[in-house]
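Undergrad: Show me the folded form of this:
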Amino acid sequence: MSSGMLRIVRNDADQQRVVLILEGRIVAAWADMLERVCLEAMRSDRPVVLDLSGVALIARSGKEALGRLARAGVGITGCSPLIADMLEQDGIAVIRTNGDTSDRAAPKQQGGSSGA
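TA: Residues are numbered from 1 along each chain as shown. The predicted structure follows:
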């Protein structure tokens, strides 16, 4: 069942904030665990930021958990453009950084015409 797991690594190297680095899938019981870990980290009186750069999939339960965490002040960063767009469409704020672009902003291919 390792393919469905979520790994959370706490990085306290930055004295100004707590960064939780996520790897895997935010699904079902893992979403509940993520919320518990975040709430515990918030007790440090430092801002908490989730780095989703290693997240491959977010289920509905994961989006709901991320929404509650974002409303509680947890920052969300490191998302792929696709995941960032998905979260933003659900009203979840995402911190986009250097080079992050929206998939919706990708240029559309224009078809050529074969005039005679």
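Undergrad: what's the spacing between residue 16 and residue 29?
TA: As judged by C-beta to C-beta, to the nearest Å, residue 16 and residue 29 stand 31 Å apart. Where C-beta positions appear, they are placed from N, C-alpha and C, glycine not excepted.
Undergrad: Those two: who's more crowded?
TA: It is residue 29, of residue 16 and residue 29, that has more neighbours when counted by other C-beta atoms under 10 Å, with 10 against 6.
Undergrad: For that one, give me the pLDDT.
TA: As predicted, residue 29 sits at a pLDDT of 90.
Undergrad: so what secondary structure elements neighbour the longest helix seen in the chain?
TA: Identified as the longest helix of the chain according to DSSP state H is helix 28-42. Helix 28-42 sits against strand 6-11, strand 18-26, strand 48-58, helix 60-71, with contacts defined as 3 or more C-beta pairs under 8 Å, 6 or more residues apart in numbering; DSSP states H and E.
Undergrad: Nothing else from me, thank you.
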